[in-house]
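Colleague: After the sequence you'll find the predicted model.
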Amino acid sequence: MLTNLLAPTYVQMLAALSAWLDKARTQMPVDRADALLSAQLAPDMFPLSTQIRFACVQAQEGMYRLRGEPFPPSVETLLNEGRNASTHPGSLADAKARIDETRALVESLVADAGDVDPATPIMHTLPAGMIFDLSAEQYARDWALAQFYFHVMIAYAILRKEGVELGKADYVAHMFAYLRPGTMPS
């Protein structure tokens, strides 16, 4: 089931994103940590605060689109916050709250998700007017996961660029649940 693929991915990577923000908070003074939300990877890219909110948008959209349901107001709220993040980035607490809200929403949506036929047609419209016609499987594989990971990875890159000490173990923290006992290097 496609939602059973997306939901755990969203939840574990949003948990990682939240943990990265915790590391930023512990490694930097509060004003410097909150200022990270305005940091960009490149001048023509959205700041960290937008990347976080757009990752949350992608997780919410992916779940609702596969369920064939309209988006709740929270999606538009996140989009507007993200679009206005250059002037109103918010705080790390705000960003973590959005992540927590999205994780809880995804977990609630997957709990009662029905089977989605992978061949179900999905029309995906972008604000610029482009329309993509995809199957549910193509949407999940080629759009939902790719767009979500794009925003999560840009957030990771911004935090690294700004001096937050993160490494591969922070990115794949969810994998340690699968680690065979006795195989962790000392």
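Modeller: Looks like it arrived, so ask away.

Colleague: What sits closest to Tyr10 if chain neighbours are left out?
Modeller: The shortest distance from Tyr10 to any non-neighbouring residue, by C-beta to C-beta, 6 or more residues apart in numbering, is to Ala59 (4.0 Å). C-beta: built from backbone N, CA, C; applies to glycine.

Colleague: what's the pLDDT at Gln12?
Modeller: Looking at Gln12, its pLDDT stands at 96.

Colleague: quick one: contacts for the residue nearest to Tyr10?
Modeller: Leu6, Tyr10, Leu14, Thr102, Val106, Phe148 (C-beta atoms under 8 Å, 6 or more residues apart in numbering).

Colleague: does it sit in a helix, a strand or a coil?
Modeller: At Ala59 the chain is in helix, as set by DSSP: H, G, I helix; E, B strand; the rest coil.

Colleague: what's the spacing between it and Leu179?
Modeller: Look at Ala59 and Leu179: by C-beta to C-beta, to the nearest Å, they are 26 Å apart.

Colleague: outside of the helix or strand of the chain with the lowest mean pLDDT, which residues touch it?
Modeller: Scoring the helices and strands of the chain by mean pLDDT, DSSP states H and E places helix 30-35 at the bottom, with a mean of 86. With C-beta under 8 Å, 6+ apart as the test, helix 30-35 has contacts from Ala24, Arg25, Gln27, Pro89, Ser91, Leu92.

Colleague: For it, output the C-alpha coordinates as CSV.
Modeller: What follows is helix 30-35, C-alpha atoms only, in CSV (Å, rounded to 0.1, in the frame of the first residue of the first chain):
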residue,chain,number,x,y,z
VAL,A,30,19.1,31.1,21.1
ASP,A,31,19.2,34.2,18.9
ARG,A,32,21.8,32.6,16.6
ALA,A,33,19.8,29.4,16.4
ASP,A,34,16.5,31.3,15.5
ALA,A,35,18.5,33.3,13.0
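
Colleague: Any idea how far that helix is from the middle of the chain?
Modeller: Offset of helix 30-35 from its chain centre (C-alpha atoms, centre = their mean, to the nearest Å): 21 Å.

Colleague: Sort out which residues of it are buried, please.
Modeller: Ala33, Asp34 (16 or more other C-beta atoms under 10 Å).

Colleague: same deal with stretch 72-84?
Modeller: Across stretch 72-84, burial judged by 16+ other C-beta under 10 Å covers Ser74, Val75, Leu78, Leu79, Glu81, Gly82.

Colleague: I'd like the next helix or strand past the strand or helix carrying the first one.
Modeller: Using DSSP states H and E, the secondary-structure element containing Ser74 is helix 73-83. Sequence-wise, the next helix or strand downstream of helix 73-83 (DSSP H and E) is helix 92-111.

Colleague: Output the contacting helices and strands for that next one.
Modeller: In terms of contacts (3 or more C-beta pairs under 8 Å, 6 or more residues apart in numbering; DSSP states H and E), helix 92-111 is packed against helix 2-27, helix 48-67, helix 73-83.
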